[in-house]
Structure formats: structure tokens, C-alpha cells
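**Student:** coords below, sequence missing:
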Ligand SMILES: C[S@@+](CC[C@H](N)C(=O)[O-])C[C@H]1O[C@@H](n2cnc3c(N)ncnc32)[C@H](O)[C@@H]1O
């Protein structure tokens, strides 16, 4: 008899597909998003159910061997505002409370690594305590999808709870994940692959044309991987060599001469800039304020726009950055060699979804489903570990 699993916050089924591929049978999947459930049912041939888990307890035909919980990460993610009071954060703890009622033999929760830092950690700790109080042995581990068969850097925390008597020793042998070029070719004609060209003279196209593979638009980071707005005068306006030396000084000094104990940078005084460039800076700063590159603060100056992490062009010969819900937007991510964002199919491949996994609904929602998913190959390797745990060989 196949081992069984059920899934809370199942989304379109990335986590679930990996378990299914490892031989587990899905006996229930629950998510509040009707489109996610539609895609889950279509691809996993499941009887997934639309369900708001804050108001409705999931109903299962039998006790599952494994319960999965990939709860929302937006409140914990460093890509967002990281509000410790984001109401979605408590959905993580709710998963533990539901596990106590459902009593699976093994419980597996996944979330972003931001769940381990600052005030947010109380949710992860509370989940652990809820499971331990119900008699589960608990262990957690930080996994990188690129070490678990996925051509993408995606670090995630995974918590295992098990009713076995022995402590859990998490041992998941690393699996090479490869690089972008492994999956980003030969897509013509595939479903969900509709490249969107940029309009030729748009500022988005002009910026993209200046960003090489592995680079991003950023005014607040230095080095060869950052392209600054003053390198793209056709969009952001011309500057003189002396003005650019002030801007480069600001990039360096705002991080080097930090004054506060929080944040990673501070505005810089005109005197410090003058000292760095070896000539008076005030007139140059005034010119840069007029051009919109610099803003004045009390007694100091800073760059007007950070642009950090925008227009990030993937490198064909490196793993992809974390696939998120913005992967189709060229203002965030660019194809390694073409001036456009990534298609849904490209994003899905970088997540390790097979080409016969079909995304439905509005294109924006398809990116959301793909970006929110646990990469199926990563889930597969977690499932292999869980199977061994259940069968007693761990
Ligand atoms: C990170 S995504 C899950 C991704 C999924 N584990 C996968 O691998 O594809 C979080 C999911 O939680 C769902 N969700 C948010 N609030 C919910 C609630 N109150 N009840 C049920 N599902 C909810 C969202 O619709 C979303 O699909």
C-alpha cells in the first residue's frame, strides 16, 4: 500500500507533486485560492478542495501518513515588508494546530529563512512547541533548492515532526541542481510559453539593453555586477565625469561611513565626499540634485534612487536567483540573453516543474502559483527522506 499524504496551503501543488513523484498518494489538499485548487486537480488528478483553513477544518477520508504545510511566506520574506504582525504569519502556527488534530505520522512545514530571524522566529518556535506538546519529535533544517536538484538558489527552512520514538536525524544527500542553461532552451511551442517583447524605445527596453548576464540595476552596490543609473544617460540623464566621481563616492561612503546601529547605509556629508574625491563637492552635489540623482538630507546627501535588485539579468551558467511571483516582469528579472522577462514556462522549468504541468488562469496568477510553489524536485528529495523515516531506515 502506498504511503499517503495530505496538504495544507497546497497552492497549485509544487510540494505535493514532489511527494506524488516519490510514490506517496494524495488523500487531500486544501487551499483558499480557487485557481490554485483548479490547477492542483488538473495536474495531480486530486480531489483538492477550496477551503479557508482559518474558518474550516480540513476533512480527510483517513489519517494520512504525512501532512504537508507550505503556508504563506509574505510576512516573513526579506523581499517584502516583513511585518511581524502580518496576519498571514499565524497561518504557520495554525498548521501545527491542525496537525495535532489530524495526527499524521510525520508533519513537514516549509517556509522562507526569514522565519528564523528577529521577531518572526516566535512563529517558528510556536509551531515547534505546538508539535512537541502533542508528542512529536521535531527537527528543522535549512535547505537550498540548488543542492536538491533545482537550477535555482532558493533557501528554505523545513521543519519535520515525527511520532517515531527516536530523535530525527535529518540527512538529505545533496543532489546537483545545475544552472539556468540546463532548462532555459528548447521551449518553443510548449504550453505557458508566450514571450512578451518590450516596446522598442521604452525606458524598460533601453535599461535592459545595458544590463549584461549576471548584472542588475543598482545604485547602492558596487562592483561589476551592478549597473548604475548614471551609466544609462539615455534614460536617466547625462552627467559629467566629476559628477560621476561624486556618485561613485556616495555609493562607497554611504555604506562605509555608517552612523546608525541599524540599516546598512547612511547619508554622507559634503566634507566626506570632498575628502574622498579630492576636490570641493558642494557645487557638484547641487548639480546632481537638480538632475534628480541626489537628494539633500539635514547636513548630508544621499542617492535619490536605490534601484537595488531591479532588472536582474539571469546568467546562463549559474543557478537562477529565487523564482518569485515577479518573474515575468522585466523590471525585476530578465532572460539571460533576450530583452524580455521570463515566460511562465521558463519560470516553471527553473522551479523544476515538468513541461506537462499546465498552468491556467490569468497570466499574472500563473506566475504567482509558480513563484509560490515548493520546487517539485526539492519536495521529491524531502519526500525520500520522509519515506525512509516512516519505513524506519533513518
Ligand atoms: C506559499 S503558497 C503554497 C504553495 C504550495 N505549498 C506549493 O508548493 O505549491 C501559500 C498558499 O496559502 C494559501 N492560503 C493563504 N491563506 C489561506 C487560508 N486562510 N486558508 C487556506 N489557504 C490559504 C494561498 O492561497 C497560497 O496558495
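**Tutor:** Nice, I can see it. The shown structure was predicted, so the numbers you read here are calculated from the model rather than taken from an experiment.
**Student:** Next up, the contacts around residue 307.
**Tutor:** 217, 218, 219, 220, 229 (C-beta atoms under 8 Å, 6 or more residues apart in numbering). The C-beta positions use only the backbone N, C-alpha and C, and glycine is treated the same way.
**Student:** That one: what secondary structure?
**Tutor:** coil (DSSP: H, G, I helix; E, B strand; the rest coil).
**Student:** now the strands for the chain?
**Tutor:** 4-8, 25-31, 49-50, 66-69, 106-112, 137-144, 155-162, 216-217, 226-227, 294-297, 300-303, 312-313, 333-334 (DSSP state E).
**Student:** Which one, of the ones you listed, ends up nearest to residue 196?
**Tutor:** strand 333-334 (12.1 Å; C-beta to C-beta).
**Student:** Relative to the whole chain's centre, how far out is the closest one?
**Tutor:** Computed by C-alpha atoms, centre = their mean, to the nearest Å, the chain-centroid distance of strand 333-334 equals 14 Å.
**Student:** same thing with stretch 335-355?
**Tutor:** For stretch 335-355, the distance to the chain centre is 15 Å (C-alpha atoms, centre = their mean).
**Student:** can that stretch be found next to the ligand?
**Tutor:** No: contact of stretch 335-355 with the ligand (C-beta under 6 Å from any ligand atom) is absent, the minimum separation being 9.2 Å.
**Student:** re the thing from before, and the ligand, which of the strands of the chain is closest to it?
**Tutor:** With C-beta to the nearest ligand atom as the criterion, the ligand lies closest to strand 25-31 of those, at 4.5 Å.
**Student:** in the closest one, what's buried?
**Tutor:** Neighbour-count burial for strand 25-31 flags 26, 27, 28, 29, 30, 31 (criterion: 16 or more other C-beta atoms under 10 Å).
**Student:** Report the two of those separated the most.
**Tutor:** 27 and 31 (15.3 Å).
**Student:** tell me the domain ranges of the protein?
**Tutor:** With domains defined by automatic domain parsing, the chain comprises 4-179+355-391, 219-303.
**Student:** what about the longest one, how long is it end to end?
**Tutor:** Its start and end residues considered, domain 4-179+355-391 measures 13 Å (C-alpha to C-alpha, to the nearest Å).
**Student:** and it, average pLDDT?
**Tutor:** Domain 4-179+355-391 shows a mean pLDDT of 94.
**Student:** How about the last one?
**Tutor:** Averaging the model's pLDDT scores along domain 219-303 yields 92.
**Student:** For that domain, what is the distance to the chain centroid?
**Tutor:** The answer for domain 219-303 is 30 Å, by C-alpha atoms, centre = their mean.
**Student:** Just the terminal-to-terminal distance for that domain.
**Tutor:** Across domain 219-303, first to last residue, C-alpha to C-alpha, it's 8 Å.
**Student:** Check stretch 28-42 too.
**Tutor:** 14 Å.
**Student:** Return the distance of it from the chain's centre.
**Tutor:** With C-alpha atoms, centre = their mean as the basis, stretch 28-42 stands 21 Å off its chain's centre.
**Student:** repeat for stretch 215-224
**Tutor:** Using C-alpha atoms, centre = their mean, the offset of stretch 215-224 from its chain centre is 20 Å.
**Student:** hmm, who's touching that stretch?
**Tutor:** By C-beta under 8 Å, 6+ apart, stretch 215-224 touches 207, 211, 225-229, 232, 247-248, 251-252, 254-255, 265, 303, 305-313.
**Student:** at 6 Å what do you get?
**Tutor:** The contact list for stretch 215-224 (C-beta atoms under 6 Å, 6 or more residues apart in numbering) reads 225-229, 251, 303, 305-308, 310-313.
**Student:** what comes up buried for it?
**Tutor:** So, applying 16+ other C-beta under 10 Å, buried residues of stretch 215-224: 215, 216, 217, 218, 219, 220.
**Student:** Stretch 94-104 now?
**Tutor:** 94, 95, 96, 97, 98, 99, 102, 104.
**Student:** Filter those residues down to the ones in helices?
**Tutor:** 94, 95, 96, 97, 98, 99, 102 (DSSP state H).
**Student:** Residue 111 is in contact with residue 73, correct?
**Tutor:** Yes: taking contacts as C-beta atoms under 6 Å, residue 73 lies within contact range of residue 111: 5.3 Å.
**Student:** Neighbour count: these two, which is higher?
**Tutor:** Between residue 73 and residue 111, residue 111 has the larger neighbour count (other C-beta atoms under 10 Å), namely 26 against 23.
**Student:** how about the residues of this protein near the ligand?
**Tutor:** Counting by C-beta under 6 Å from any ligand atom, the chain sits next to the ligand at 9-15, 31-33, 36, 51-54, 70-73, 91, 372-374.
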